[in-house]
Each structure stands twice: as structure tokens, then as C-alpha cells.
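> with the sequence up front, the predicted model follows.
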Amino acid sequence: NKDRLIGGFNELCFAVDSIRKIRKQVFLFDAGDIMTGTPITEYEFKHAKGGALFEMMNLIGYNACTLGNHDFDISKRNLINLIKIAKFPALCANLKDTIELELDSLIIPFKIFQRHNTRIAVIGLMTIEFHQLVNKRNTSGIAIYEPASILQRWIDSINQHVDLIVALTHQGFYNDSILATRVNGLNIIIGGHSHTRLKKPKVINGVIIVQAGKNCEYLGILDIQFDKKTIIKFRSEILPLWYNPSHKSLIAGFVDSLGSAIEKDYGEVICTLKTSWQRKHGESNVGNFIADAQREAVNADVAFMNSHGIRKNLPAGPVTKMNLFEVLPFHNILAKFELTGKQIREIMEYYISNHPPIHISGIFCKYKKLHKQIDYVEFLVNGAPLDENRTYTCTANDYLIQESKRYLGIEIANLTYLETTLFSVVEKKMREQKEISAKIEKRIERIE
């Protein structure tokens, strides 16, 4: 909250060590998306960007993780090197890579853990929406299979050999709830992806479902007692990882050294926001600023920006490079392409009818809508009336273009990828402008 800091691996390590001192059988799992969102993922450690995160997980003593879609954000080669750093297995039963065989061999479907006379199987699962969420340059050759059928196959295969079966999933609470109704023999789902903070476990079809929020802000704790493959008692807690300067874990020195490097490289103030940046599904001031930065950088008539690529709000006041990285953590590059005026009209009709989560620069449009009929009162492109016979230069980032059918309603062809990153053009505009008063301008406005 505004008065206290929360989260981080030092606090996590301190909490886990404290629990291990009083409990004998402790397992520690991560449900994916270890990567992206923090500058640590930009630093190379043991030949992998983000490798320091996995090294800290080694030191904390993780038993296993599943993979999340963001763990593929940099490249498959980087993920290979991350998994090689890990002293714990990466689990995913429904992902298969037919091209990068080294990656395929490093990812295993499940792991059986034995403590005393108890055998616990943990099976990993990836969201079925993987290909919609990850840049195509990092997904070639990867197949994702329907989670429930794959999970049931593995449960049937190992059920006679274990005492408890856990699914470690990265598909979100809603899909976990459905999964629980579609399989037999499953005891627990430890979930991720939807950032859901379940204060109490949900029990569906006899399956205990837990999830502990996001960003290493909380530690989810599930205590269970079971006998003869039956859980007879359980208790769950979501422990907030409040920052406490007196908490010095075994990784504190490592964390401090990383923090010093990040402060040196990302602590510089690059501009001041006169008003806060607030994300919205519709038009927002931060979305307008980012879309404008793209359009100006490549001298285009129109720019498009996907709302979900904007990952954080910012308060009014000084903005550091670190703050901007938290807003735009992905390695997106820009591309230029041409659209006819007719295609721009089609995009606008798709936008008005379907409300996709995008921001637009270079178009001002006022319209009336009666039933399905759209009448344009004003339609300006780059300051001039729309000409359906003219060709316009447009720009967007590579991920939006990959998913252009979903965001724009059309497929983008004949495009040129640029050696310009989305982050760099926004940073440049912020530095040049110094004091920023971005606002909502009613760029697309319905009038009665």
C-alpha cells in the first residue's frame, strides 16, 4: 500500500526459512511467470537474462516450478539457459516443442517427490491460450495440448504409485475451476496466471484450489493432513510479505547487490508527470501518450497500441527509467505498414462494434450509431478528412500485429519491422517533453 512496501525474494526467503524451522515436510512451488516485469530480467547471469531470479530460487530451495507464458518473452534459448540454472525441475505436461529439442528435453511433465513413506506427484500445465499471449518469434514449433485430457492421462498412469497428486498450473482461477470438474483422482491445484489472491481455498469436485496473487507479494501456505490418498484435514493462509529491514535472509546480500546495479542503471529521473497515468480498457492518457510516441517516432499517419501491453499505472511526479520499465516491460519492436482509407474505416467500425482493448493515435472520429448503422459526423486521419482511396502509413508493435485480427479486425500484410523498440521511442518522447500532461481527448466519440 502507499505507506508500506511489500514483496520481494528477501522477504520470501525469510518467511520460508521461518516456516521450515517449525515444520518438517515443506514443499515450495512456483506457478509460472517468473520472468518479466522487473529489470532483473534484463541482466545476464550465467548466460541467461533473468538468471539471477532462478539462482535466488535455488538458494531459497524451490522444489519445482511450472512455466508461464511470460517465461518465453525473451527467447527459447534464454529459457533453456534459465532452466539449466535451476536446481529444481520445470514442469509442463501439455507443452511440446518439436523444433527446439533441447528445450523439450529440459521440460518434464511431472515429478514425484518422496518424503519418508509419502509419495507426492506434481504435474505442470500451461494455459491453452499460450499462442495468443506470446510473441510468435518465440513460439515456433511449440504445441499446446488441452490440459484436462493430458492431466487425466498422467493421473491414470501414476495414480497407483503415489499418495497425492497436485496440478501446478498456469492458466488462471476460472480455468482451474473448470479443470477440477473434468478430471478424476486429482487432490490439489496450485494455480497462477490470473493473479488471483484466494484468501480461502476453493473446493470443487473434491479438489482444493489455491492461488497466491502476483509479483511475489504473498506467500501461499497450504497445510494438509492425509491418509491413504485422502486429505482428511487442510488449512490455508495467504501471508503478506511486508518489507522489514530487520529481516536478513541468506540471500539478502545477493538481493542488495542486484538492487545497487538496478538503481545505477534505472534510477535516473527521465521526466515528470503533471497528472497520474491511469490505464483503462478504453481511451486513457497513458495509452494516448504511448501511441503518439510511436506515430511520431516513425512519421506515421496512424498508430495502434494494445492496452494489455501497458502494465502499470504511475502517480503524478518524477518518473525514473525503472518506472517506465514497469509500464512497458516487454521486448516489443515497432513495424510500419500501409492501410487504405477503406481499411481504416473497417478498423474503426470493428472498434466501435467490438471495443477491442487498443489505443489509437492519428484518428479523431465522431459518430452516431443507431442499431448497427454507424454514421460518421467527423472522421479525421492525421488532421485531414478520411480519404478511402488514399494509402496511409501506420505503425504498431510486433505483438499487436501478430494478433491484429483480434485487435483490429483485419490481418496486417506487407509490413516492415524496424530496429526500434517501443520502450525506446516512449523513453525518447518522455525525455524530450520533460513535463508531461497527457490527457484523454475523446479521440473516438459517440454523439447522440
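Noted; the coordinates are in hand.

> can you give me the helices in the stretch 51-200 of the chain?
For the stretch 51-200 of the chain, helices defined by DSSP state H, counting those that start in this stretch occupy the ranges 51-60, 76-85, 101-106, 130-133, 147-158, 173-182.

> output those helices as TSV; include the columns mean neighbour count and distance to Ala297.
All C-beta atoms are positioned from the backbone trio N, CA, C, and that covers glycine. Below are the helices of the stretch 51-200 of the chain laid out as TSV (neighbours: other CB atoms under 10 Å; distance: least, CB to CB, whole Å):
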stretch	mean neighbour count	distance to Ala297
helix 51-60	20	31
helix 76-85	20	27
helix 101-106	14	34
helix 130-133	16	26
helix 147-158	18	41
helix 173-182	18	38
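
> closest one to Ile165 among those?
Among the helices of the stretch 51-200 of the chain, the nearest to Ile165 by CB to CB is helix 147-158 (5.8 Å).

> what does that closest one contact?
Helix 147-158 has contacts (CB atoms under 8 Å, 6 or more residues apart in numbering) with 93-94, 109-110, 112, 121, 123, 125-126, 128, 165, 167, 169, 171, 175, 178-179, 182-186.

> between the helices of the stretch 51-200 of the chain, which one is closest to Leu422.
Among the helices of the stretch 51-200 of the chain, helix 130-133 comes nearest to Leu422, with 17.0 Å by CB to CB.

> which helices and strands sit right next to the closest one?
strand 142-144 (3 or more CB pairs under 8 Å, 6 or more residues apart in numbering; DSSP states H and E).

> mean confidence for the strand it packs on?
Throughout strand 142-144, pLDDT has a mean value of 97.

> do the same with stretch 153-165
The average pLDDT for stretch 153-165 rounds to 96.

> can you give me the end-to-end span of that stretch?
13 Å (CA to CA, to the nearest Å).

> and the pLDDT at Gln373?
Per the predicted model, pLDDT is 88 at Gln373.

> hmm, I typed the wrong one, I wanted Leu418.
pLDDT, read off for Leu418, is 95.

> please look at it and Ile333 and confirm they touch.
Yes: Leu418 lies in contact with Ile333 (CB atoms under 8 Å); the separation is 6.4 Å.

> what does the host helix or strand of Ala291 contact?
Secondary-structure assignment from DSSP states H and E places Ala291 in helix 285-298. Contact with helix 285-298 is made by 275, 277-280, 300-305, 307, 310, 313-314, 327-328, 334, 336, 359-362, 393, 395-397, 418, 420, 422, 425-426, 428-429, 436, 438-441, 443, as judged by CB under 8 Å, 6+ apart.

> surely Val426 forms part of a helix?
Yes: per DSSP: H, G, I helix; E, B strand; the rest coil, Val426 lies within a helix segment.

> in space, what's closest to it - neighbours in sequence excluded?
Ala293 (4.6 Å; CB to CB, 6 or more residues apart in numbering).

> center of the protein - which residue?
His70 (5.2 Å; CA atoms, centre = their mean).

> isn't that one up against Thr41?
No: using CB under 8 Å as the test, His70 is too far from Thr41 to be in contact (9.0 Å).

> find residues that contact each of the two.
Met35.

> who touches the residue of the chain most remote from its centre in this structure?
The outermost residue of the chain relative to its centre, with distances by CA atoms, centre = their mean, is Asn389 at 39.6 Å. Neighbouring residues of Asn389 by CB under 8 Å, 6+ apart: Thr340, Gly341, Lys342.

> hmm, back to that, any of the contacts of helix 147-158 buried? List them.
93-94, 109-110, 121, 123, 125-126, 165, 167, 169, 171, 175, 179, 183, 185-186 (16 or more other CB atoms under 10 Å).

> and Lys24, that one's in a strand?
No: counting by three-state DSSP, one finds Lys24 to be coil, located in no strand.

> compute the number of surrounding residues for it.
Residues near Lys24, counting by other CB atoms under 10 Å, number 7.

> what sits against it?
Lys24 sits in contact with no residue, where contact means CB under 8 Å, 6+ apart.

> one step back: and the gap between the residue nearest to the centre of the chain and Tyr145?
To Tyr145, His70 is 20 Å away according to CB to CB, to the nearest Å.

> buried stuff in the helix holding Ala291?
Applying 16+ other CB under 10 Å to helix 285-298 flags 285-298 as buried.

> pipe these into TSV and attach pLDDT and distance to Lys136 per row.
Compiled in TSV, these are given as follows (pLDDT from 0 to 100; distance: CB to CB, whole Å):
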residue	pLDDT	distance to Lys136
Asn285	97	30
Val286	98	26
Gly287	97	24
Asn288	97	27
Phe289	98	27
Ile290	98	22
Ala291	98	22
Asp292	98	27
Ala293	98	24
Gln294	98	20
Arg295	98	24
Glu296	98	27
Ala297	97	23
Val298	96	21
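
> so which of the residues you listed is the closest to Ser249?
Val286 (35.4 Å).

> and the residue farthest from the centre of the chain, backbone torsions?
phi -90, psi -10 (degrees, to the nearest 10).

> mind checking pLDDT for it?
Reported pLDDT for Asn389: 94.

> repeat for the one 5 residues further on
Among the per-residue scores, Cys394 shows a pLDDT of 98.

> element containing it, please.
Cys394 belongs to strand 391-397, assigned by DSSP H and E.

> list the pairing partners of that strand within its sheet, with orientation.
strand 302-306 (parallel), strand 333-340 (antiparallel) (DSSP bridges).

> save these as JSON lines, and put in mean pLDDT too.
Formatted as JSON lines, these follow (pLDDT from 0 to 100):
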{"stretch": "strand 302-306", "mean pLDDT": "98"}
{"stretch": "strand 333-340", "mean pLDDT": "97"}
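
> any idea which of the ones you listed is most buried?
Among those, ranked by average contacts under mean count of other CB atoms under 10 Å, first place goes to strand 302-306 (a mean of 25).

> avg pLDDT for the helix or strand that that one is followed by?
The helix or strand immediately downstream of strand 302-306 is strand 317-320, counting by DSSP H and E. Throughout strand 317-320, pLDDT has a mean value of 97.

> and the next helix or strand past strand 317-320?
Heading C-terminal from strand 317-320 (DSSP H and E), you reach helix 321-327.
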